[in-house]
Structures are given as structure tokens and as C-alpha cells.
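Peer 1: Provided below for reference: sequence and predicted model.
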Amino acid sequence: MIVLGIETSCDETAAAVVDDTRTIRSDVVLSQLDDHRPFGGIVPEIAARAHLDALDSIIARALAEAGLGFDALDAVAATGGPGLIGGVIVGVMTAKAIAAARGIKFVAVNHLEGHALTARLTDGIEFPYLVLLATGGHCQLLIAEGVGRYRRLGTTMDDAVGEAFDKGAKMLGLPYPGGPEVERRAKSGNAKRFDLPRPLKGRAGCDFSFSGLKTALRHAIEALPPGRLGEGDVADACAALQAAITEVMVDRTRNAIRQFRALHPQGETLVVAGGVAANLTLRTALAVLATEHGLRFIAPPQRLCTDNGAMIAWAGLERLRLGLSDGLDFAPTPRWPLDPRPARP
Ligand code: KG4
Ligand code: ZN
């Protein structure tokens, strides 16, 4: 089975061809960062227009790099939500048009499921496993029990973890997206100089909160002499922010491992997924945590952590293998929780 995957829910226009032997035949990602950078964040209207302009040629490139034509495809999958609705509509409409013109199946993929299933594409792991889903829009701990079957153990009460990196970076005068920039600057910084809080650390449960951290960082910056935010200050603040975020993530994940073990004593894997999973400090800390608990740790290669078409093609394939596909009347949706049950009963 060969599937084309299309991802347009945020600021990457991406298309990929993946087959059911877990081979990524092609994976093309076009970042719109240069379009959004002057605004210090993503502008939804600009994103939708850029997806519209680029998507056809990105799909053509994905097929060319795979050495295939449309006739080789068994299905086309596109992110159906959650995300910026204008972009999601562009991807879904394009996928539906291909499916209708070629008489092949269409699958609407939940973007978060794309991230959560990536470890099955890269490492072929079995359900159930524990996933820390850390993106620019979400921060959740989930047990993946099967395709379309997720149990949410915790979520953020305010900002997503990627947002904490992005907003922190913005305060420090660093460009969007903040995560990679904070990681780079943190290397030469002293994480102990600024004393930032570890929100919810040591508390029961698996929820997250990052807004207090953001405020504390602002106060730390404001306490410096005016106009004196030098390279060294920025590096120290980045190191402190990254250390605080990592410590909180590890603490929350530790609690989640206990719950995972109680529900699935045979479960053996911890996965980190989503754009923030590209962060090496976080990956290393989670690897140590997993080892302490006798769990295998999987972090997909960095380019498969940030948004891409391969994860959408793969999630589509997983659904198709179970006989699931969608009608051409599928409605793109800005909100689409993986586990619709409330996080806190
Ligand atoms: O999954 P993703 O590509 O898009 C969403 O679905 O949101 O995640 C983007 C987020 C951004 O907030 C970005 O700052 C963060 O991932 N990110 C990182 C790193 N690379 C990307 N955060 C920390 N360290 C990184 N190396
Ligand atoms: Zn994403």
C-alpha cells in the first residue's frame, strides 16, 4: 500500500510518500518561516495563502522524489485538524480533489495522531506505549492503546510547551520559532543564574502549567539594568528556561509512567513526539528517566519530530489497514482532541 500524506495545519507545507513496509519514499517540507518572521509568530491568513501557493508543487516534488506518479497511489491522507483552519482546508480540499480524480481513498488524519504514531513508523513499536506529545500548540501525556485509541493522562492548563519556548524567546529578542534558538543559546549559558520556578513540580497528576514560568522570566529580565540585555544574559536566560521546562517535563512524565504501569503492566516504551521533542536536553533527560524505570525510550529523528507529511501518510496508512477511510464530505476542523474525555474527571 502506498500513501501520499499532506500536512498544512501550521507553517510547514509538507507532502510525503510512505508505504506499508514503513519506508519513507519521499518527504518534502517547505517552511514558511521567512513569510512569518517579520510578525514574530504565525499569521493564519499568510499561512493559508502560502499553503495554497506552494502545495501543488510540493506534492509534485514528493511524487518525483519517490519516482512515482499519481497512478501508483492507493490513497491520499491529509491533516483534517486540529490546526489553523485556513491551512487545513487547503490540504483537505487538495487531498479530496486527488482522491476524486484518481478514484482512490481519502483519509482525514488527526495531526496529533500523526505525531503520536511516528514512533511506529520509525521504530515499529507495539501498542500500548506512553507518549509525551510536546508541540507548539499542545502539551499532553497520553497512553496510545491503539490507532484512534488514546487515553489522556494530563494536559497543559495554560500555554503549550512550544509556546513557552517561543514566548520566552520573544521576550529575549530572539526570532520565531523560539525553541531551536533557545536550545542553541542555552549551550553557552549558566542555567543557575536566574532562579525560575518549576510549575507543578512534585504535585500529583500529569498536568502542566507554563504561564508562571513565562511571568517569572519576564520579571528576571526586567530586573536587569535597562537596555543591558547582553549576549551573556540571553544565554543564561535561555539555559534557565530550558532547564526549568525540562525539569517540569521529566517530573510530570514520571507520574505518567506510574499511571501507565498501573494500567498496562506489560507496557514497555516511552515515546516523545512533536516539535519540542527535537530538543536534545529534553531528549537526554527523558532517556535517563526511561532507563530508571526500565522503559525503552524512543525519540524519532529530529526532522520527523517537527511537522512533516510522512507522519500524516503513516497515520493514514494505519487507519487504512484497519479498513478506515473518510468520505469526501469530511469537514476540516480547528479542534479535534485525541481523547475527547475530560482530562480531569
Ligand atoms: O510539532 P511542531 O512542528 O508544530 C506544532 O504542531 O505545533 O512544533 C513546533 C514547536 C515550536 O513551538 C518550536 O519552538 C518547538 O516546536 N521546537 C523546539 C525545538 N524545535 C522546535 N522547542 C525546543 N527545542 C527545539 N530544538
Ligand atoms: Zn505538529
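Peer 2: Arrived safely. Ligands and ions are numbered 1, 2, ... in the order given.
Peer 1: Is Ala14 located within a helix, as I assumed?
Peer 2: No - looking at Ala14 with DSSP: H, G, I helix; E, B strand; the rest coil, it is strand, so not inside a helix.
Peer 1: can I assume it is in contact with Ala313?
Peer 2: No - counting by C-beta atoms under 8 Å, Ala14 stays clear of Ala313, with 9.9 Å between them. Yep, even glycine has a C-beta here, placed from its N, CA and C like the rest.
Peer 1: Can you pull the residues that touch both of the two?
Peer 2: In terms of C-beta atoms under 8 Å, 6 or more residues apart in numbering, Ala14 and Ala313 are both contacted by the residues Gly5.
Peer 1: So which of the two has more stuff around it?
Peer 2: Neighbour totals were compared for Ala14 and Ala313, and Ala313 leads with 36 against 31 (other C-beta atoms under 10 Å).
Peer 1: Isn't the more buried one up against Asp20?
Peer 2: No - applying C-beta under 8 Å, one finds Ala313 not in contact with Asp20, separated by 10.4 Å.
Peer 1: Next, count neighbours for the closest residue to ligand 2 within the stretch 101-250 of the chain.
Peer 2: Going by C-beta to the ion, ligand 2 is nearest to Thr135 of the stretch 101-250 of the chain, at 4.4 Å. Neighbour count of Thr135, defined by other C-beta under 10 Å: 23.
Peer 1: switch to numbering from 28
Peer 2: Sure, I'll start counting at 28 from here, so that last one is Thr162.
Peer 1: OK, contacts around it?
Peer 2: Residues counted as contacts of Thr162 (C-beta under 8 Å, 6+ apart) are 139, 142, 187-189, 301-303.
Peer 1: Can you give me every residue that contacts the residue nearest to it when sequence neighbours are not counted?
Peer 2: Nearest non-adjacent residue to Thr162, counting by C-beta to C-beta, 6 or more residues apart in numbering: Gly301, 3.7 Å away. By C-beta under 8 Å, 6+ apart, the residues touching Gly301 are 142, 160-162, 165, 189, 332.
Peer 1: can you do 7 Å?
Peer 2: Taking C-beta atoms under 7 Å, 6 or more residues apart in numbering, we find Gly301 in contact with 142, 160-162, 332.
Peer 1: Filter those residues down to just the ones in strands.
Peer 2: Among those, DSSP state E puts 160-161 in strands.
Peer 1: can you list the contacts of Gly301 in a markdown table and add distance to ligand 1 and pLDDT?
Peer 2: A markdown table is the format used below for the contacts of Gly301 (distance: C-beta to the nearest ligand atom, whole Å; pLDDT from 0 to 100):
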| residue | distance to ligand 1 | pLDDT |
| --- | --- | --- |
| His142 | 6 | 97 |
| Leu160 | 9 | 98 |
| Ala161 | 7 | 98 |
| Thr162 | 4 | 96 |
| Cys332 | 7 | 96 |
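Peer 1: give the contact list for the residue lying closest to Glu295 once chain neighbours are set aside.
Peer 2: Spatial nearest neighbour of Glu295, excluding adjacent residues (C-beta to C-beta, 6+ apart): Arg323 at 5.6 Å. For Arg323, the contacting residues are 295-296, 317, by C-beta under 7 Å, 6+ apart.
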